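Asker: okay, here's the prediction I keep looking at, along with the sequence it came from:
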Amino acid sequence: MRIINLCQYIAHNPKHGGAIRVFHINKELGKYKDTKVIQFSFTPLLFRNEIHKTGNYTEHIKNPLIYTAMVILVSKIFRIHSFDFAIPFVFGFTRAPVKLVGEIKKADIIQVEHPWLFKWVYKLKNKYNPRAKMILDCHNVEYEQYKALLKNKVMFKRIILKSIKKTEGFAVKKADFCIAMCQEDINSFIKLYGVNKNKFLIIPTGVDINKYKPLPVKKKEKLKQRMGFKDKKIVLFTGARHPPNYEAFLKIKNSIAPKTRLLNKNILFVIAGHVCKKQSYENIICTGFVDDIIPYFKVADIAINPVVSGSGFNSKMIEYFAAALPVITTRHGSRGLRVRNNREVFVRDIKDFPKTINNLLKNKELKLSLARRAGGFIKECEWKRVVSRLGKAYEKLVKDFG
């Protein structure tokens, strides 16, 4: 089985949710018998033309100069950091690399990450290999994502949203089947584009359990001391530069953290990842981008997820569970997970976060029981198990249409 994967960002050495998902799914698929996974990643980063190999999974990184120009132009004109909606237009003028055309000719399955490159690849597939099956890994409901992102942007908002709906609708309808993060996203796709529910396969994001394994108490306290958090109770929030994460950071900064400080001055909020730049406030430390985020999981006492918008599946939740951290989340933050309020997690409105954080940190038994029950989800979230469903679906697809 030969799988070609197309993505608009680099998956090698992943640092954010989308790249982590793409890398691990492709790596696990490459372990299947007689399977090769060849990925073409397009990046706006100048002079990044590289090849990375992990077992039977090879990633080719390409840098079309028109892509770089587009990113600069869009960020200046629209003053937003998310430029994906312009990719279909830019790639309409982009010539396919010879290597990509050669691989498409030999492919059994062509998987496209997100809808942005789909139409460009769909045309290449129909020209060079009509028998190949096209799969869309949706990641999010992009229309809903941008609708939230652009809610305070008046200029060009209607044009951008119309373009996104057209791009996503084409991809969802033309794909042989679609991978969705959760049932909530499937419901949105059906409502927006009138597609059949049987077209979707739910493949949530997985987790590397061993990576997040918690430290014994004494080692944890020593690490806290080395990191400058001695005698502090750490409340962790992690995230990449993604609008719903930034919105959640602002809720921590402007509401949750100040109100929590009135209850307990010993509580420190650590915002880890490049959701925001490196900075600090009275009881908040923002790390900015870090090469290794794992130590912050190791020193945390509890984790929070005050996300109130966005679509897809919050991978930070299963990372919190893998690190044996008790979690306080909004209802939106727990979407796609079969968790129950007051059993595996505490589901709270933003206004109730400060009191819940303070009470949970005071109750050791409650922290342990919450983390223990949430830990029951972890084994089924291992990457090997998550990808096995996709591997079987691909094998059946190739067999049925081979």
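Answerer: Cool, the structure landed. Numbering: from 1, shown residues only.

Asker: give me the helix or strand of this protein that scores worst on average pLDDT.
Answerer: Every helix and strand of the chain was ranked by mean pLDDT, DSSP states H and E. The lowest is helix 65-78, at a mean of 75.

Asker: what's it packed up against?
Answerer: Contact partners of helix 65-78 among helices and strands, from 3 or more Cβ pairs under 8 Å, 6 or more residues apart in numbering; DSSP states H and E: helix 87-91. Bear in mind the C-beta positions are built from the backbone N, C-alpha and C, glycine included.

Asker: CA atoms of the least confident helix or strand of the chain as CSV?
Answerer: What follows is helix 65-78, C-alpha atoms only, in CSV (Å, rounded to 0.1, in the frame of the first residue of the first chain):
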residue,chain,number,x,y,z
LEU,A,65,8.4,31.2,-3.1
ILE,A,66,4.9,32.3,-4.0
TYR,A,67,3.7,30.7,-0.7
THR,A,68,6.2,32.9,1.3
ALA,A,69,5.0,36.0,-0.6
MET,A,70,1.4,35.2,0.1
VAL,A,71,2.0,34.8,3.9
ILE,A,72,3.7,38.2,4.1
LEU,A,73,1.0,39.9,2.0
VAL,A,74,-2.0,38.4,3.8
SER,A,75,-0.6,39.2,7.3
LYS,A,76,-0.1,42.8,6.2
ILE,A,77,-3.5,43.3,4.4
PHE,A,78,-5.8,41.4,6.8
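
Asker: check the offset of it from the chain's centre.
Answerer: Between the mean C-alpha location of helix 65-78 and the chain-wide mean there is a distance of 23 Å, by Cα atoms, centre = their mean, to the nearest Å.

Asker: and it, what's buried?
Answerer: Tyr67, Thr68, Met70, Val71, Val74, Phe78 (16 or more other Cβ atoms under 10 Å).

Asker: now do the first one against Lys166, distance only.
Answerer: The spacing between Tyr67 and Lys166, counted by Cβ to Cβ, to the nearest Å, is 20 Å.

Asker: go on, the third one?
Answerer: Separation of Met70 from Lys166 (Cβ to Cβ) stands at 18 Å.

Asker: next one: stretch 86-99 to chain centre, how far?
Answerer: Taking mean C-alpha positions (Cα atoms, centre = their mean), stretch 86-99 and its chain are 24 Å apart.

Asker: and for stretch 60-70?
Answerer: Here the centre of stretch 60-70 is set off from its chain's centre by 22 Å, with Cα atoms, centre = their mean.

Asker: pretty sure Phe313 is in a helix, no?
Answerer: No: counting by DSSP: H, G, I helix; E, B strand; the rest coil, one finds Phe313 to be coil, located in no helix.

Asker: can you pull the contacts of it?
Answerer: The contact partners of Phe313, by Cβ atoms under 8 Å, 6 or more residues apart in numbering, come to Met181, Cys182, Asp185, Pro204, Thr205, Arg335, Gly336, Leu337.
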